[in-house]
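Engineer: turn this into a structure:
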Amino acid sequence: MHNPVLIRPIQPTDLRAWRPLWDGYNAFYGRQGDTSLAPEITAATWQRFFDPNEPVFALVAEEDGKLLGLTHYLFHRSTTRIELTCYLQDLFTEPAARGRGVGRLLIEAVYQAAQAAGIKRVYWQTHVTNEAGRLLYDKVAKHAGFIVYGHDF
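Structural biologist: Numbering: from 1, shown residues only. Here you go, the predicted structure:
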């Protein structure tokens, strides 16, 4: 029997346990091997979590001393609101822990962090092929119908 899953802010000592989750998240979106993120991007992302001047935050799901999942989110300005908005950028649960409510707990923890900061909107995006994720997302949020465009230089 397992202890309850604990959702908590990431700590500097979590790097070794966070990295496989981060790599799994990136692999899910095709960023592995030749298309992997540059090491300096991962290093900068990690450092931002602990920089009080950065609006980037990370939470992890832990059970029995093992990290099962992660979420990264950031607060930013919006042209349609006075208060900040929260973008839930990354969400990942290790495959063996899926279907146990870990993703929902992580999303709900982001909701709580946003509310504590006076934020009234949390949003995210996912790939259309993320069917398992979308089953959860449809239960905890409303799909707004937007299509995402991007242009990289």
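Engineer: surely Y87 touches Y73?
Structural biologist: Yes - judged on Cβ atoms under 8 Å, Y87 makes contact with Y73 at a distance of 6.4 Å. For every residue, glycine as well, the C-beta is placed using N, CA and C.
Engineer: those two: which has the busier surroundings?
Structural biologist: Each of Y87 and Y73 had its neighbours counted (other Cβ atoms under 10 Å), and the higher figure belongs to Y73 (25 against 20).
Engineer: isn't the more buried one up against L106?
Structural biologist: No - in this structure Y73 lies outside contact range of L106 using Cβ under 8 Å: 9.6 Å.
Engineer: joint contacts of these two?
Structural biologist: Counting by Cβ atoms under 8 Å, 6 or more residues apart in numbering, the contacts common to Y73 and L106 are L59.
Engineer: what sits against R48?
Structural biologist: The contact partners of R48, by Cβ under 8 Å, 6+ apart, come to E54, V56.
Engineer: now I7
Structural biologist: L59, V60, A61, E62, L105, L106, E108, A109.
Engineer: any idea which helix or strand comes after the one helix or strand the fourth one maps to?
Structural biologist: Using DSSP states H and E, E62 sits in strand 56-63. Using DSSP H and E, the helix or strand that follows strand 56-63 towards the C-terminus is strand 66-76.
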